[in-house]
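J.: dropping the sequence and predicted coords here.
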Amino acid sequence: MMGAGREQIAGETTRKMSQATRVRDEQVARSGPAPLPGVFGRVAEWPRRARQFLRETRNQMRLVTWPGGREVYSTTIVVVVTVAFFALFFWIVDGGFSYAGQWVLTHFGQH
């Protein structure tokens, strides 16, 4: 029984690899003329890569689930309250350490 599961996984892996190879071969076939060597190749390839990047970015942005106005408002309130809390907390802690440091210096600083 376990052998059948392994065979199925191996077959599926082989199928995915052959599909990936096919896709890569199709991309190579569509890529056009042979690339230029070195710096010239990178410069000549820039417009195609820029278009591809922008196309992929646009496709990914379509997949984003944007928050609604109410959700943005509520999370903004949470952030503002949290920042205010920690600002107050660190202001108090800083004042305490400052007071303690002054106290130590006044009582033990002079011989």
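T.: On my side now, so go ahead.
J.: any idea how far G95 lies from F89?
T.: 11 Å (C-beta to C-beta, to the nearest Å). Every C-beta, even on glycine, is put in place using the N, C-alpha and C of the backbone.
J.: and S74, by the same measure?
T.: Counting by C-beta to C-beta - S74 and F89 are separated by 23 Å.
J.: could you do M61 as well?
T.: From M61 to F89 the distance is 38 Å (C-beta to C-beta).
J.: with E26 instead?
T.: Distance from E26 to F89, by C-beta to C-beta: 59 Å.
J.: how about V64?
T.: 35 Å.
J.: okay, those two: which has more neighbours?
T.: Neighbours per residue, other C-beta atoms under 10 Å: of V64 and F89, the larger number sits with F89, 10 against 7.
J.: what strand or helix carries that one?
T.: Counting by DSSP states H and E, the element that carries F89 is helix 69-108.
J.: distance from that helix to the middle of the chain?
T.: Relative to the centre of its chain, helix 69-108 is centred 30 Å away, using C-alpha atoms, centre = their mean, to the nearest Å.
J.: what average pLDDT does it get?
T.: For helix 69-108, mean pLDDT is 96.
J.: same for that helix, what does it pack against?
T.: Using 3 or more C-beta pairs under 8 Å, 6 or more residues apart in numbering; DSSP states H and E as the contact test, no helix or strand touches helix 69-108.
J.: mind listing what's buried in it?
T.: Buried residues in helix 69-108, counted by 16 or more other C-beta atoms under 10 Å: none are found.
J.: same deal with stretch 54-62?
T.: Buried residues in stretch 54-62 (16+ other C-beta under 10 Å): none.
J.: contact partners of it?
T.: For stretch 54-62, contacts defined as C-beta atoms under 8 Å, 6 or more residues apart in numbering pick out no residues.
J.: how far is it from where the chain is centred?
T.: With C-alpha atoms, centre = their mean as the basis, stretch 54-62 stands 15 Å off its chain's centre.
J.: as a whole number, average confidence for it?
T.: 94.
J.: and what of stretch 24-43?
T.: On average, stretch 24-43 scores 69.
J.: now do F90 against S74, distance only.
T.: Distance of F90 to S74, computed by C-beta to C-beta: 25 Å.
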